[in-house]
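Asker: No sequence on hand, only this structure:
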């Protein structure tokens, strides 16, 4: 369970201070760039409503576990990771609604990253209902 909680909290950090690759290079080369970006990223992070924060963190956790399973080279590793994914799903069923993301398990990693880019660029307001609509349109369109 500790592993799952860590992934979830790291996912919150990714939503808050995760930056595209091009920005990572700029930050490495010029620390003042990061000092300018952090207040902007924090303002965006704070503009996202609670339910959406938890949905993003849960979906990033789910996607992370699935990616780790796919990339695992040893059967023993896949077995452990599959058990952790099972624990994640069981915990999700017992959580309050803002943590339940079963409806989005069909969304792929690209959809999730695109929705985060829309939020980061402020092209999508950080309101759950707007994000939900975008995710459902994309999911239905791919079916």
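Answerer: Now that the structure is in, tell me what you want to look at. The structure displayed is predicted, hence computed values, not measured ones.
Asker: now for the longest helix belonging to the chain, which elements pack on it?
Answerer: In the chain, with assignment by DSSP state H, the single longest helix is helix 50-71. Judged by 3 or more C-beta pairs under 8 Å, 6 or more residues apart in numbering; DSSP states H and E, helix 50-71 is in contact with helix 2-17, helix 75-94, helix 109-120, helix 128-142. In this view, the C-beta of every residue, glycine as well, is placed from N, C-alpha and C.
Asker: for stretch 103-122, which positions count as buried?
Answerer: In terms of neighbour count (16 or more other C-beta atoms under 10 Å), stretch 103-122 has its buried residues at 104, 107, 111-112, 114-116, 118-120.
Asker: Contacts only, for the residue nearest the centre of the chain.
Answerer: For the chain, the residue nearest the mean C-alpha position is residue 60 (3.1 Å; C-alpha atoms, centre = their mean). By C-beta atoms under 8 Å, 6 or more residues apart in numbering, residue 60 lies in contact with 7, 11, 14-15, 112.
Asker: Whichever of those end up buried, select them in PyMOL.
Answerer: Here is the PyMOL command that selects the buried residues among the contacts of residue 60 (16+ other C-beta under 10 Å):
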select buried, resi 7+11+15+112
